[in-house]
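Trainee: This is a predicted model, with the sequence first.
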Amino acid sequence: MCEPVTASQALLAVSAVSAGLQYQQGKQQQKAQYEAQKRQNEIARKNALQRYASEQLRIRQVVQQNQEKGLQATLKARKARAVFISSAGESGVALGGSIEGLLADYYRTQGNYISALNRNLGINVSQYERNLEAIQFGQESQSTYVQPPNPELLFASSALNVANTYYGLEAQKESLGLLSNRQKKSYQSYTTNNSLIDV
C-alpha cells in the first residue's frame, strides 16, 4: 500500500536537495577561495623577489662606486706623492721637513677620504639590511592564510541542516497535535506487540 506524499515529506525532500546544492556550491566556493589565497601569496612572493633583486643591484652599484672612488683617490694621492718625491730628487734636495709634512698631509687627507667612503658604505649597507627586512615584512603582510577546502565539514553541515529541518517538522507536528514519525512508530510497535499478546 502506497502512502501519499505529505507536505512534510515534500518539504524534507526539498530541504535535502537544497542542502545538496548548497554543499556543491560551498565546495566550489572553498576551492575558489583556496586558489585565490594561493595566487595572493604567489603575487606577494614574486613582488618580494623583485624588490630583493632591485635592492641587491642597488647595493652592488653602491659598493662598486665606493671601490672606484677609493681607487681614484689612491691613484691621485700616489701621483701627487710621486711628483713631490721626484721633484725633490731632481733638485738634489733631500726630503726635508716641509716636504715630509706635505706628504703627511696627503696621507692624512687620503686616509680621511677613504674613512668617509667606508662610513658612507657602512650606512648604505645598514640601510640595505633594513630594506630587506621591510621587504620580508611587506611580503608577510601581503600574504594570506591559506585554508584548504574542507568538504567533510561542508557535508556534515549540510546533513545537520537536513536533520534540523526534519526534527523541526516533527516538533511542529507534535505541537499541532498530529502524530510525529516517532510517535507513529511507537504506536505501531505497541499495537503489534499487543496483537501478539491477544492471540
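Mentor: Received the coordinates, thanks.

Trainee: And the next helix or strand past the lengthiest helix in the chain?
Mentor: Longest helix of the chain, by residue count under DSSP state H: helix 7-90. Later in the chain than helix 7-90, the nearest helix or strand by DSSP states H and E is helix 97-142.

Trainee: buried residues in the helix or strand following that next one?
Mentor: Next helix or strand after helix 97-142 toward the C-terminus (DSSP H and E): helix 151-175. Neighbour-count burial for helix 151-175 flags L154, S158, N161, V162, T165, Y166, L169, E170, K173 (criterion: 16 or more other CB atoms under 10 Å). In short, each C-beta sits where N, CA and C put it, glycine included.

Trainee: In this structure the fourth one contacts A19, no?
Mentor: It stands for V162. Yes. Counting by CB atoms under 8 Å, V162 touches A19, with 4.9 Å between them.

Trainee: residues contacting the residue nearest in space to the middle of the chain?
Mentor: For the chain, the residue sitting closest to the mean C-alpha position, by CA atoms, centre = their mean, is S143 at 2.3 Å. Contacts for S143 (CB atoms under 8 Å, 6 or more residues apart in numbering) come out as Q40, N41, A44, R45.

Trainee: same thing but 6 Å
Mentor: Residues in contact with S143 (CB atoms under 6 Å, 6 or more residues apart in numbering) are N41, A44.

Trainee: can you pull the pLDDT of it?
Mentor: The model reports S143 with a pLDDT of 83.

Trainee: That one and Y52: what is the separation?
Mentor: 15 Å (CB to CB, to the nearest Å).

Trainee: now do Q9
Mentor: Remark: distance between Q9 and Y52 (CB to CB) = 64 Å.

Trainee: what do you get for A80?
Mentor: Look at A80 and Y52: by CB to CB, they are 42 Å apart.

Trainee: G70 too?
Mentor: Distance of G70 to Y52, computed by CB to CB: 27 Å.

Trainee: ditto for L121
Mentor: 20 Å.

Trainee: which one of those two has more residues nearby?
Mentor: L121 (18 against 15; other CB atoms under 10 Å).

Trainee: pretty sure the more buried one contacts Q65?
Mentor: No. Using CB atoms under 6 Å, L121 is not in contact with Q65, being 9.3 Å away.

Trainee: about what we covered before: in JSON lines, list the buried residues of helix 151-175 along with pLDDT and distance to R58.
Mentor: Listed next are the buried residues of helix 151-175 as JSON lines, based on pLDDT from 0 to 100; distance: CB to CB, whole Å:
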{"residue": "L154", "pLDDT": "77", "distance to R58": "49"}
{"residue": "S158", "pLDDT": "81", "distance to R58": "55"}
{"residue": "N161", "pLDDT": "80", "distance to R58": "58"}
{"residue": "V162", "pLDDT": "81", "distance to R58": "62"}
{"residue": "T165", "pLDDT": "80", "distance to R58": "64"}
{"residue": "Y166", "pLDDT": "79", "distance to R58": "67"}
{"residue": "L169", "pLDDT": "76", "distance to R58": "70"}
{"residue": "E170", "pLDDT": "79", "distance to R58": "72"}
{"residue": "K173", "pLDDT": "74", "distance to R58": "76"}
